[in-house]
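Novice: need a structure here:
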Amino acid sequence: MSERGALWGLRVLMWVVIAVEVPVYLVWLVQVGHQAGQELPRGDVARWAPPVLLPPAAVLFCLMAGWTWWMSVVARTRSPLRERWIVASLVFVAVSSVFCGVASVDDPSVSVGLLSATVTGLGMTWLFFIPAACSRQLPDVIRRRSNPAPGEPS
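Specialist: Below is the predicted model of the structure:
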């Protein structure tokens, strides 16, 4: 298989996984957010907040972190994942997502927590990689990373 075919295959594979995992994660967030919100008292206006605010926050924060990371990879600069605000936003989404997953069931258990963590991790990961999958520089970055110039760290 040629290099070009392999890179095309990688991009297709990334988009297939993104097309499957991201909608599953977002639908799951709405569902568990709704169920977790129903646990609040009947008259509490915050009942609507988890299913309405958590999916857009997950998309925004993961794409924002993924975009800033990807731009640093392309530009060969220091990783922005060392910035506290980026890490804090990703941790917020992860904790909120796992919490809603656990709070949405009547009898929380370790398996529910593991399922919540798995769905959250996969969804956030593929949201994070959307900017890389969209980028025209993806083949160049892969080539550069696989064949570093002499004296350049890999």
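Novice: residues of the lengthiest helix in the chain that come out buried?
Specialist: If you go by DSSP state H, the chain has its longest helix at helix 3-37. Neighbour-count burial for helix 3-37, counted by 16 or more other Cβ atoms under 10 Å, picks out 11, 14, 18, 21-22, 25-26, 28-30, 32-37. Where C-beta positions appear, they are placed from N, C-alpha and C, glycine not excepted.
Novice: quick check: mean pLDDT across stretch 2-15?
Specialist: What stretch 2-15 shows for mean pLDDT is 87.
Novice: got the contact list for the most centrally placed residue in the chain?
Specialist: Central residue check for the chain by Cα atoms, centre = their mean: the C-alpha nearest the mean position is that of M124, 1.8 Å away. Applying Cβ atoms under 8 Å, 6 or more residues apart in numbering to M124 gives the contacts 25, 58, 62, 90, 93-94, 97.
Novice: What helices and strands are in contact with the helix or strand bottoming out on mean pLDDT in the chain?
Specialist: The weakest-scoring helix or strand in the chain, judged by mean pLDDT, DSSP states H and E, is helix 138-146 (a mean of 85). Helix 138-146 makes packing contacts with helix 3-37 when contacts are defined by 3 or more Cβ pairs under 8 Å, 6 or more residues apart in numbering; DSSP states H and E.
Novice: after the helix it packs on, next one along is what?
Specialist: helix 49-75 (DSSP states H and E).
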